[in-house]
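S.K.: sequence? don't have it. structure:
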């Protein structure tokens, strides 16, 4: 993205879409949502990358600050990154944030004008997002061909725009939960769950649920469309970007080790190979600087203040919605959910795609590690409610990784941070009724479960889980020992 070259194109698109007849006309063009590839006619798009580049909205939505898509960002903002002073880095970060904020605000204005232009443009936008999700299904895989899928910039911007569209129904009191259609996947074909892992459903249960797909009922409302499409796009956005950052980090460590070995071995000095070794060292350091700059630009994007607040709010909203599915009284969060949950897991919860659960946990984990200040004003209660519920009733989730991740989030949440001596979650864990009643028992149960399950390849994973389990009693139990003893042993039969 050049410092100013993108503005004229985006402003022109924003101006055109503000006129309702033109907005309706744009969404009716064939280039609005290109059709899938047709071998007989030789037309259409083969994959997500072609769809992004061939669509009208993709022309502006693919702008961004991710260096993998826009290498000129490194030259314009982070040239010689490792030699830059801290002040220069902060200035570049601030400039990129301001540019990205302006871009994403314009993109939201474009989409908001489209969905408000009438039923047809609104339906066209929803169909466009559904096509993006379908063509980029493999983007969430551990390994995928980046050149055949939508770019990080495109997916990140689309994610942000959908978060803004979801803002009206994501109130802090969660009064709009009832507007979300629980049978959305049965009544809508926008999102296909074929070959996706479910939270806790067996193949016969999935078949039973799919057989009811033709059950009569009203068409899903706009709130349901936005919620489920946002969940799907979220699965393709922050997680894969975070995984790519982790891959770069591992590559950086490998390069640093090689450079250290080359510098420690001085046998090449004074030999004919000295110029070649010095050139290799120089190129290695330049590569490190470039990789550090790439990571910085990606962190600026995914840890941007506005984006983190909105994405964390959506994660909390999705967690409350999942708890409402398993709450027998269907009153959560207006009433504290009763634990442990019933032995029979509701089918509507079982058949949900696992990414609905996984993405909530992964987002909390990412924010706890890199931006815990997001939870200083909100989100603490939701994290504790969610963690206590599924650590107490572990049979509701079959993936052991998700259970250990919940314990890890609690462990990170009690690490000292700034003026928070007990961490972001420390005080809340000492006062929350579910935590006082169930935390110690569910941690001990999880410890026993770790001992009984797992293979020899998970030997070192167990040590990490034991550390996470130990962090909570060490930081919390000692601080509020009387409260935990009174609530824990009051429910224990000692006769």
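M.R.: Arrived safely, thanks for sending. Fair warning: this is a prediction, and the values are worked out from it, not measured in the lab.
S.K.: low pLDDT regions in the chain?
M.R.: 1-4, 213-216, 453-495 (pLDDT under 70).
S.K.: Excluding covalently adjacent residues, which one is nearest to the spatially most central residue of it?
M.R.: When C-alpha atoms, centre = their mean is applied to the chain, the residue found nearest the centroid is residue 238 (4.1 Å). The shortest distance from residue 238 to any residue other than its chain neighbours is 5.9 Å, reached at residue 302 (C-beta to C-beta, 6 or more residues apart in numbering). For every residue, glycine as well, the C-beta is placed using N, CA and C.
S.K.: Also residue 121?
M.R.: What sits nearest to residue 121 in space, not counting adjacent residues and going by C-beta to C-beta, 6+ apart, is residue 27, at 4.4 Å.
S.K.: what number of residues lie near the one you found?
M.R.: 24 (other C-beta atoms under 10 Å).
S.K.: same question, residue 279
M.R.: The number of residues packed around residue 279, counting by other C-beta under 10 Å, is 10.
S.K.: Is it within a helix or a strand, and which one?
M.R.: For residue 279, the host element (DSSP states H and E) is helix 274-302.
S.K.: Just the buried positions in the next helix or strand after that helix, please.
M.R.: The element immediately downstream of helix 274-302 (helix or strand, assigned by DSSP H and E) is helix 305-326. The neighbour-count check on helix 305-326 (16 or more other C-beta atoms under 10 Å) flags 307-326 as buried.
S.K.: got it, and stretch 20-39?
M.R.: Judged by neighbour count using 16+ other C-beta under 10 Å, the buried positions of stretch 20-39 are 23-24, 26-27, 32-34.
S.K.: Present these as CSV; the columns should include distance to residue 72 and secondary structure.
M.R.: Written out in CSV, the entries for these read as follows (distance: C-beta to C-beta, whole Å; DSSP: H, G, I helix; E, B strand; the rest coil):
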residue, distance to residue 72, secondary structure
23, 31, helix
24, 36, helix
26, 29, helix
27, 31, coil
32, 28, coil
33, 29, coil
34, 27, coil
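S.K.: got the residue ranges for the helices in the stretch 101-250 of the chain?
M.R.: When assigned using DSSP state H, counting those that start in this stretch, the helices of the stretch 101-250 of the chain occupy the ranges 119-135, 152-166, 184-187, 203-211, 222-236, 238-264.
S.K.: and the closest residue in space to residue 289 that isn't next to it in sequence, what does it touch?
M.R.: In space, and not counting its chain neighbours, residue 289 is closest to residue 82: 4.1 Å by C-beta to C-beta, 6+ apart. The contact partners of residue 82, by C-beta atoms under 8 Å, 6 or more residues apart in numbering, come to 285, 288-289, 292.
S.K.: Which single one of these is nearest to residue 160?
M.R.: residue 292 (25.0 Å; C-beta to C-beta).
S.K.: Might one say that that closest one is in contact with residue 253?
M.R.: No: with contact defined as C-beta atoms under 8 Å, residue 292 and residue 253 do not form a contacting pair (12.0 Å).
S.K.: These two: which has the busier surroundings?
M.R.: Comparing residue 292 with residue 253 by other C-beta under 10 Å, the one with more neighbours is residue 292, at 18 against 10.
S.K.: number of nearby residues for the nearest residue to that one once chain neighbours are set aside?
M.R.: Computed as C-beta to C-beta, 6+ apart, the closest residue to residue 292 that is not its neighbour in sequence is residue 81, at 5.1 Å. With neighbours defined by other C-beta under 10 Å, the count for residue 81 comes to 21.
S.K.: Identify whichever of the helices of the stretch 101-250 of the chain lies nearest to residue 405.
M.R.: If you check each of these against residue 405 by C-beta to C-beta, helix 238-264 wins as the nearest, at 12.5 Å.
S.K.: Just want the angle from the closest one to helix 305-326.
M.R.: Counting by axes from the mean of the first three to the mean of the last three C-alpha atoms, to 10 degrees, helix 238-264 lies at 130 degrees to helix 305-326.
S.K.: and the residue nearest to the centre of the chain, what is it in contact with?
M.R.: 156, 159, 302, 311, 359, 362-363, 366.
S.K.: Pick the one among the residues you listed closest to residue 426.
M.R.: The nearest member of the contacts of residue 238 to residue 426, counting by C-beta to C-beta, is residue 366 at 19.9 Å.
S.K.: tell me what the one helix or strand the closest one maps to is packed against?
M.R.: Element membership for residue 366, per DSSP H and E: helix 354-370. Contact partners of helix 354-370 among helices and strands, from 3 or more C-beta pairs under 8 Å, 6 or more residues apart in numbering; DSSP states H and E: helix 222-236, helix 238-264, helix 305-326, helix 400-413.
S.K.: Can you give me the neighbour number for residue 358?
M.R.: Other residues within reach of residue 358 by the criterion other C-beta under 10 Å amount to 20.
S.K.: List the residues that contact the closest residue to it other than its chain neighbours.
M.R.: Residue nearest to residue 358 in three dimensions, not counting chain neighbours: residue 402, with 6.3 Å by C-beta to C-beta, 6+ apart. Applying C-beta under 8 Å, 6+ apart, one finds that residue 402 lies in contact with 357-358, 361, 390.
S.K.: Residue 31 reaches residue 53, doesn't it?
M.R.: No: Residue 31 is not in contact with residue 53 according to C-beta under 8 Å; the separation is 10.9 Å.
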